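Asks: Take this sequence and fold it.
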Amino acid sequence: MSFDTSAIRRDFPILARKIKGHRLVYLDNTATTQKPRAVIEAESRFYSTSNANVHRGIHTLAEEATAGYEEVREKTAKFVGAPDPRGIIFTRNATESINLVAQAWARHNLKPGDEILLTVMDHHSNLVPWQMVARETGAVLKHAGLTPEGLLDLADFRGKLGPRTKIAAFTHASNVLGTINPVAEMAAAARKTGTLVLVDGAQSAPHMAVNFPQIGADFFAFSAHKMLGPTGVGVLVGRPELLEKMEPFLGGGEMIREVRLESSTWNDLPWKFEAGTPNIAGVMAFGAALDYLSSLGMDAVRNHERELTAYALDKLESLGGVAVLGPRDPAKRGGVIAFNDASIHPHDLATVLDSDGVAIRAGHHCAQPLHRHLGLSASARASFYVYNDRDDVDALIAGLRHARSFFSIPSLSPRPGGRGEGEGGKGDS
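Replies: Alright, predicted model coming up:
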């Protein structure tokens with residue numbers, strides 16, 4: 001492995017827990033990650049030593065809180081290669097970041113007949129906000145499809161770009177297929193038609209090095225809780241010159257310059273989009289999470305997950321009767337594997353695994369259209385992060401064998417021709 005996972009595990013208090021008499025094997029990292037001691041202590045330290053509101057006071061605590069909060073903004077900009085911290089907007093999560101663009105830009109700029117280009121593999125958070133805007137503005141939704149391998153169909157994506165396409169919004173890495181999309185290539189294609197680009201980075205920023213200028217997008221959204229940070233903190237990275245032209249998303253305190261009884265003027269970036277008291281303690285803790293990931297190195301994080309994913313794919317193939325969703329090449333996917341056992345419904349499988357202390361996800365993973373496209377109602381999903389190792393994969397495989405034994409399912413031979421061919425697992429959701 002790329003780094004010492006046993007040492008890393010010791011930094012995470014929750015991983016010392018026993019679940020039903022077994023050590024916790026946490027493989028639900030795509031939903032949320034666990035928090036290292038440094039992150040937990042950073043949030044506690046803020047409340048214990050510097051608790052005050054930001055940007056609104058001149059006493060010592062307020063100045064300390066403001067300085068710490070803005071320091072994390074600069075740290076976030078550096079983490080994603082953004083050249084200007086004014087383009088870093090703190091939100092509640094990636095979902096709110098996408099909604100911010102949908103409401104503050106699209107709702108004011110789209111007209112009937114304009115087009116919004118999405119993909120079949122997108123998370124609900126990058127589908128529903130655009131459906132709402134399309135309904136309000138009369139814009140038309142289009143969706144790029146997939147190849148049989150589970151990759152984005154780039155020819156279809158390019159073919160659906162045109163003079164009426166005003167914004168393209170797509171995931172950097174699928175939370176189901178694991179597919180890593182060539183977002184820089186997609187953004188370049190969109191620019192040729194004058195199309196704005198939003199990249200949903202909820203599943204990429206935690207797992208690989210991200211450089212916002214190199215991607216070439218106008219907006220990039222991600223969440224702290226999926227990268228060792230606290231819940232309730234998200235980030236929208238945007239081009240400042242574009243954000244300057246947008247109307248505020250929420251109105252109230254902090255986002256104003258001057259308020260009269262009849263009208264108001266707006267604050268400068270980035271505070272124009274940060275109405276009210278933010279999650280200050282959460283932002284402080286997010287800074288500690290960024291420090292932790294930076295100390296590991298995002299290239300090392302990516303290498304670790306690629307190696308672990310390759311090992312898990314091989315182990316799942318050895319079981320037979322398992323259909324893996326998405327590309328089989330670990331270089332083309334992130335550290336998430338959604339799959340179906342031919343004989344066990346995902347919900348039943350997750351229940352048996354939990355009895356062995358193994359935490360996975362079961363369901364549609366907030367990607368119902370994708371599952372419908374694949375002819376599935378649900379799938380099981382194991383996802384890896386920096387504290388997972390081969391022992392965790394082995395525990396998953398042992399749990400799958402236990403589930404087959406529990407349901408009296410005979411052993412199955414590996415399917416010929418590659419990992420997990422066939423659909424399988426088409427039970428009720």
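Asks: Spatially central, which residue of the chain would that be?
Replies: Per Cα atoms, centre = their mean, the C-alpha nearest to the average position across the chain is that of residue 202, at 2.0 Å.
Asks: which residues does the nearest residue to that one once chain neighbours are set aside contact?
Replies: Using Cβ to Cβ, 6 or more residues apart in numbering and skipping residues adjacent in sequence, the residue nearest residue 202 is residue 94, 4.2 Å away. No exception for glycine: its C-beta is placed from N, CA and C like everyone else's. By Cβ atoms under 8 Å, 6 or more residues apart in numbering, residue 94 lies in contact with 125, 200-202, 221-223, 234-235.
Asks: Who are the contact partners of the residue nearest to the centre of the chain?
Replies: 94, 123, 125, 171, 175, 221-223, 226.
Asks: Show me how to select, in PyMOL, the buried members of those residues.
Replies: Command for PyMOL that selects the buried part of those, burial taken from 16 or more other Cβ atoms under 10 Å:
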select buried, resi 94+123+125+171+175+221+222+223+226
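Asks: Among the contacts of residue 202, pick out the one closest to residue 154, please.
Replies: residue 171 (14.3 Å; Cβ to Cβ).
Asks: Quickly note the distance from the residue lying closest to that closest one once chain neighbours are set aside to residue 170.
Replies: Closest residue to residue 171 apart from its sequence neighbours, by Cβ to Cβ, 6+ apart: residue 200 at 4.5 Å. According to Cβ to Cβ, to the nearest Å, residue 200 and residue 170 sit 7 Å apart.
Asks: Give me the more crowded residue out of these two.
Replies: Counting neighbours by other Cβ atoms under 10 Å for residue 200 and for residue 170 shows that residue 200 has the greater number, 30 against 25.
Asks: Tell me how far that one lies from residue 400.
Replies: Taking Cβ to Cβ, one finds residue 200 at 30 Å from residue 400.
Asks: and which of the contacts of residue 94 is nearest residue 214?
Replies: residue 201 (12.9 Å).
Asks: can you give me phi and psi for the nearest residue to the closest one once chain neighbours are set aside?
Replies: Computed as Cβ to Cβ, 6+ apart, the closest residue to residue 201 that is not its neighbour in sequence is residue 222, at 4.2 Å. Main-chain torsions, residue 222, degrees, to the nearest 10: phi -160, psi 170.
Asks: Can you read off the pLDDT for residue 222?
Replies: Looking at residue 222, its pLDDT stands at 98.
Asks: That one reaches residue 206, doesn't it?
Replies: Yes. With contact defined as Cβ atoms under 8 Å, residue 222 reaches residue 206; the gap is 7.4 Å.
Asks: Mind checking which of the contacts of residue 94 are in helices?
Replies: For these, not one is inside helices, with DSSP state H as the criterion.
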